[in-house]
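> Structure for the following, please:
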Amino acid sequence: MSILVQFAIGLIFGLGLILAGMSNPAKVLNFLDLAAIPTGGWDASLIFVMAGGIAVTMLGYRLAFARGRPLLAERFALPAASRPDSRLVAGAALFGVGWGLAGFCPGPALVSALTGGVPALIFLAAMLAGMALARRLAAGRTPSVRPAEPGRA
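A predicted model of the protein is given here:
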């Protein structure tokens, strides 16, 4: 049953990305181009997509943690670190640079690759190579995920 729920969630997420225009790298790059604000070329529409995503996530976390445990798992898996560390900052910076250069992040790149986008396939290949390199570098480190206490939000 869990795999069907995950498939349905992924399908809804993918459709949302398509409807919002997040799978179109030109739209994303026009949003990230703050220098175009004075000329009127800046596309601010993705602010509403992000605000909607943040609102749904906040509500989802509140409802999920109010239950005490996830619906389809024994416990919540949360980061062990309570403050940003150098790995998190470096990862966020790499994500931002990749997003700014390519106009893709992982979810929209998968959606675009399924619709035949060659740039998305190149991005996904680079992303998978980076993930493999990160796993190699992190080999031997302890996992940074801890079980959540019930009712923790």
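> can I assume residue 45 is in contact with residue 24?
No: Residue 45 is beyond contact range of residue 24, at 11.1 Å (criterion: CB atoms under 8 Å). From N, CA and C alone the C-beta is placed, and that goes for glycine too.
> For those two, work out which one has more neighbours and name it.
Neighbours were counted for residue 45 and for residue 24 using other CB atoms under 10 Å; residue 24 has more, 18 against 12.
> so what pLDDT did residue 8 get?
Model confidence at residue 8, expressed as pLDDT, equals 92.
> same check, this time on residue 138
82.
> any idea of the mean pLDDT for the lengthiest helix in the chain?
In the chain, with assignment by DSSP state H, the single longest helix is helix 45-67. Mean pLDDT, helix 45-67: 91.
> Tell me the buried residues in that helix?
Across helix 45-67, burial judged by 16 or more other CB atoms under 10 Å covers 46, 49, 65.
> Next, the contact list for the first one, please.
Taking CB atoms under 8 Å, 6 or more residues apart in numbering, we find residue 46 in contact with 20-22, 27-28, 31.
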